[in-house]
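J.: From the sequence below, what's the structure:
(2 chains)
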Amino acid sequence: MTTTIRGYFSDIRRHLHLAPSESDEIVRELQTHIEERAQELADSGMSTDESIKQAMREFGETESVANKMYEVHTTGTWKRAGLAALPHLVLSLLFATHLWTRPALVGPMLGIALVMSILGWRKGRPLWSYPWLGYCLIIPLVSWGLAMSAIGYGAWGVVTKGKLPLGIPIYAVSITYIGFSLWVFVRVLSRVSRRDWVMGSLMVLPLPFLGFWFMYFYGRKELLEQTGVGLQEFDGSVATVFLILALTTVAFFRIGRRFVRVALLAITAPSMIVLAWLSRESGPGFIALFLFAALSIVVLFAPALFDRPKDAKASEELRYALPDQS
Amino acid sequence: MQDVAGVYRRELLKGSTETLLLSLLITEPMYGYQLVREMEKKSSGYFRFKEGTLYPALHRLEKDGLVNGSWGDSPNGQNRRYYSITEKGHERLASMLHEWEKFSTAVNLVALPGATA
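T.: Model prediction:
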């Protein structure tokens, strides 16, 4: 295979955003087609180099070809879209019925999410498993928050009283756990995003809203001391937000076009924060709204940092191969 | 000036890709390049699949369970991905052809009344 044709397929592979085994098979199939066409052109008298370039020109632009294949391979059936949206729907129901405060229900739900994620991960990470995996990331994030609180509490004790309020082993464990939980979070996010950062964005979509929701209660500590009514005043809005998340996920899976998916996520992420902010009775002010809406966009696009680096050499070869398509 | 006939032909082909592909696969399993060639041959050059459209269409048919794709060797020894029509594909094709017959008859009755009289 010449370097020119290698660059062409390298570019297709880069734009496919599919599992390596799936990309390999597609590229292999397209390659056999182009090679056969190039051979036919060469047999009719064209030079080898020109016949390859002509075959690639006929095949079309790499990004366009890859996008169409991506659309076919990532558009989910209604059943899979429903499976992907299920964790959001369950949470919506838990909030709508005010049952989310019962650990006997929430614990098993988190356990189910964990089992579904592990099953999905072991089966080559099917697309429906990403929203489930997103909720599992709450575990390292919350642990990270708790460990940070313990460290902060310790530092405050040293500053104000000159001694650590808790034993040194607790701080040693906390510091270790901060590193470990962050490593788990970044590792999972990078593994998902390296294949397709848009899937990484879908996975972390609920996290900014959950952060906002936590801040709402943190700002109104008196609610945490109450049982029942106080904790439930925000439930209608939260149920609506999770319902929106479920609908967004279904639309995401049914619409294969990548740019539409990105637009859908970019609209949904800050909208959830705005909706929750508008329906609050008190709590976070306008600055918090702005900060969380901005954070939701940053979190949404952060997975793009883990996307596979562009192959500059391949693109250069491609420009050489397709001079009239730049 | 825009080639109106060409645009119309492309639109018709776009709407009939599935039917045409399944029809070609009725006779024997074929690989992508073979399908392009067969299509041109059987339509006397009228239809020509754009490769960038053909493969997404084939993969969609496979995803829908209308065709099966598997690797095999061509008569000249080269490894190709062959597509064969499934039972579900046969049923879908029969239904599409039945609908096409009714549709084309209706179009002729309206647009070419003299020809169908």
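J.: all contacts plus neighbour counts: C-alpha atoms, from now on.
T.: Fine.
J.: Could I get the CA-only coordinates of stretch B:52-70 as CSV?
T.: This file holds the C-alpha atoms of stretch B:52-70, laid out as CSV (Å, rounded to 0.1, in the frame of the first residue of the first chain):
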residue,chain,number,x,y,z
GLY,B,52,-19.3,7.0,-0.5
THR,B,53,-23.1,6.3,-0.5
LEU,B,54,-23.0,2.6,-1.4
TYR,B,55,-21.1,1.4,1.8
PRO,B,56,-23.2,3.3,4.3
ALA,B,57,-26.3,1.9,2.5
LEU,B,58,-24.9,-1.7,2.7
HIS,B,59,-24.0,-1.3,6.3
ARG,B,60,-27.4,0.0,7.1
LEU,B,61,-29.0,-3.0,5.4
GLU,B,62,-26.8,-5.2,7.4
LYS,B,63,-27.7,-3.5,10.6
ASP,B,64,-31.4,-3.9,9.8
GLY,B,65,-30.8,-7.6,9.2
LEU,B,66,-31.8,-7.4,5.5
VAL,B,67,-28.3,-8.6,4.4
ASN,B,68,-25.5,-10.5,5.9
GLY,B,69,-21.9,-9.5,5.4
SER,B,70,-19.0,-11.9,5.6
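J.: isn't there a helix covering residue B:28?
T.: No. Assigned with DSSP: H, G, I helix; E, B strand; the rest coil, residue B:28 falls outside any helix and is coil.
J.: Neighbours of it, how many?
T.: Residue B:28 has 10 neighbours, counted by other Cα atoms under 10 Å in any protein chain shown.
J.: from what I can see it touches residue B:86, true?
T.: No. With contacts counted by Cα atoms under 8 Å, residue B:28 stays clear of residue B:86, the gap being 11.6 Å.
J.: The residue of the stretch 201-326 of chain A found nearest chain B and residue A:71, how far apart?
T.: When scored by Cα to the nearest Cα, the stretch 201-326 of chain A has residue A:256 as its residue closest to chain B, at 12.0 Å. Here residue A:256 is placed at a distance of 4 Å from residue A:71 (Cα to Cα, to the nearest Å).
J.: Not counting stretch A:45-57 itself, show me its contacts.
T.: A:5, A:8, A:34-35, A:37-39, A:41-42, A:321-322 (Cα atoms under 8 Å, 6 or more residues apart in numbering or on different chains).
J.: Check stretch A:74-94 too.
T.: A:100, A:113, A:127-132, A:238-243, A:245-247, A:249-251, A:253-256.
J.: What helix or strand is residue A:125 located in?
T.: Secondary structure from DSSP states H and E places residue A:125 outside every helix and strand.
J.: Show the contacting residues for it.
T.: Residue A:125 touches nothing, counting by Cα under 8 Å, 6+ apart.
J.: Point to the residue nearest the middle of the chain.
T.: Assuming you mean chain A. Of all residues in chain A, the one closest to the mean position by Cα atoms, centre = their mean is residue A:200, 2.0 Å from it.
J.: nope, chain B please
T.: residue B:20 (1.8 Å).
J.: Helix, strand or coil: sort out residue 76 for me.
T.: As the question left the chain open, I've gone with chain A. Assignment for residue A:76 (three-state DSSP): coil.
J.: switch to chain B, that's the one I care about
T.: coil.
J.: Count residues in the vicinity of it, would you?
T.: With other Cα under 10 Å as criterion, residue B:76 counts 6.
J.: what's the answer for residue B:86, then?
T.: 17.
J.: for residue A:138, same thing?
T.: 17.
J.: Then the one 10 residues further on?
T.: Here the neighbour count serves as a burial measure; for residue A:148 (other Cα under 10 Å) it reads 17.
J.: swap in residue A:214?
T.: Residue A:214, neighbours per other Cα under 10 Å, totals 12.
J.: Give me every residue in chain B lying close to chain A.
T.: Within chain B, the positions lying close to chain A (Cα under 8 Å from any Cα of the partner chain) are B:32-33, B:50-53, B:55-56, B:59-60, B:79-81.
J.: Mind doing that once more with 10 Å?
T.: For chain B, the residues in contact with chain A (Cα under 10 Å from any Cα of the partner chain) are B:31-34, B:50-61, B:63-64, B:71, B:78-82.
J.: Filter those down to the buried ones and hand me the PyMOL line.
T.: PyMOL command restricting these to the buried ones, with burial defined by 16 or more other Cα atoms under 10 Å in any protein chain shown:
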select buried, chain B and resi 31+32+33+51+52+53+54+55+56+57+58+59+60+61+80+81+82
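J.: Check what pLDDT residue 42 gets.
T.: The chain I'm using is chain A. pLDDT for residue A:42: 91.
J.: other chain: chain B
T.: 90.
J.: can you list the residues that contact stretch A:273-289?
T.: A:208-213, A:215-220, A:233-238, A:240-241, A:268, A:270-272, A:290, A:292-296 (Cα atoms under 10 Å, 6 or more residues apart in numbering or on different chains).
J.: Inside helices: which ones of these?
T.: Counting by DSSP state H, the part of the contacts of stretch A:273-289 found in helices is A:208-213, A:215-219, A:235-238, A:240-241, A:268, A:270-272, A:290, A:292-296.
J.: Quick check: ChimeraX command selecting the buried ones in the residues you listed.
T.: Burial among the ones in helices among the contacts of stretch A:273-289 is assessed by 16+ other Cα under 10 Å; the matching ChimeraX selection reads:
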select /A:208,209,212,213,216,217,235,236,237,238,240,241,268,270,271,272,292,293,294,295,296
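J.: how close does the closest residue in space to residue B:92 that isn't next to it in sequence sit to residue B:36?
T.: Distances taken as Cα to Cα, 6 or more residues apart in numbering or on different chains put residue B:66 closest to residue B:92, at 7.7 Å, once the chain neighbours are dropped. Relative to residue B:36, residue B:66 is positioned 19 Å away (Cα to Cα).
J.: Then residue A:242?
T.: For residue A:242, the distance to residue B:36 - Cα to Cα - is 47 Å.
J.: Those two: which is more packed in?
T.: A count of neighbours by other Cα under 10 Å puts residue A:242 above the other of residue A:242 and residue B:36, at 25 against 18.
J.: In chain B, which helix is the longest?
T.: Under DSSP H, chain B gives helix B:87-111 as its longest helix.
J.: ok, back up a step: in contact with the residue nearest to the centre of chain A, which residues?
T.: Contacts of residue A:200 by Cα under 10 Å, 6+ apart are A:130-131, A:133-134, A:188-194, A:299-304, A:306-307.
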